[in-house]
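1. Just the structure for this:
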Amino acid sequence: MLGDLTEKYQITLASNSPRRKELLTEIIPIFKVESKEVEEIYPNNLEGGEVATFLSQLKSKPFQPNENELIITADTIVIIDGIILGKPKTPEEALNILTLLSGKKHEVITGVTIRTKDKELSFYDVTKVEFYELNPNEIKYYVKEYKPFDKAGAYGIQEWIGTIGIKKIEGDFYNVMGLPVHRVYRELKQFI
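-> Predicted structure coming up:
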């Protein structure tokens, strides 16, 4: 359905996430993957979707597309009780984050930026997720076996913990994986 887009542009997914690559393949069969390191720092006065959008724009800035290129960047954050949770750096951080999420609701927000030489579009999508109460052994098992250090909120919904731990989800499942594919598809149509 986006064939005209792929004829018009060489598309680059600027992300190291294997999940984003897998999800984008569902709507765009051919694209390249390239990412450039940026320091993910945002102004303290931003909230929720503004943070995710700011970070997706930040990831887009190192790229200077020519007239035949289209860049897609994304960033996912998790918020609970007004606190933004990043990616855990250690097993202890992952255990603490998952203990905090256990038995509670949180929001997963993914900001996306789509950019060509002449046009830039940024947006975010919010999914509300509620965990069952997780016991310490379940959390320890997940952290040890799945090492969720590249995931905001210290979990992948498509992994074991999502299968046994998610009580309720409101919104786009794929957004929790790191890319709101339904929205990306619709927004990309504006570039055809």
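
2. Flag every buried residue along stretch 36-44.
-> Tyr42 (16 or more other CB atoms under 10 Å). C-beta coordinates here come from the backbone N, C-alpha and C atoms, glycine included.

3. Residues contacting the longest helix seen in the chain, please?
-> Criterion DSSP state H: the longest helix present in the chain is helix 48-60. Helix 48-60 is contacted by residues 14-15, 35-36, 38, 40, 42-43, 46, 71, 73-77, 79, 84, 107, 109-113, 115, 120, 122-124, 126 when judged by CB atoms under 8 Å, 6 or more residues apart in numbering.

4. Give me the secondary structure label for Arg186.
-> The local conformation at Arg186, judged by DSSP: H, G, I helix; E, B strand; the rest coil, is helix.

5. what does Ile79 give?
-> Relying on three-state DSSP, one would call Ile79 strand.

6. List the contacts of it.
-> 48, 85, 106-107, 109.

7. what is it paired to in the beta sheet?
-> Ile84, Glu107 (DSSP bridges).

8. rewinding a little: in the longest helix of the chain, which residues are buried?
-> 48-49, 51-60.

9. okay, those residues in a markdown table with pLDDT next?
-> Output for these, formatted as a markdown table (pLDDT from 0 to 100):
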| residue | pLDDT |
| --- | --- |
| Gly48 | 93 |
| Gly49 | 96 |
| Val51 | 97 |
| Ala52 | 97 |
| Thr53 | 98 |
| Phe54 | 98 |
| Leu55 | 97 |
| Ser56 | 97 |
| Gln57 | 97 |
| Leu58 | 97 |
| Lys59 | 97 |
| Ser60 | 97 |
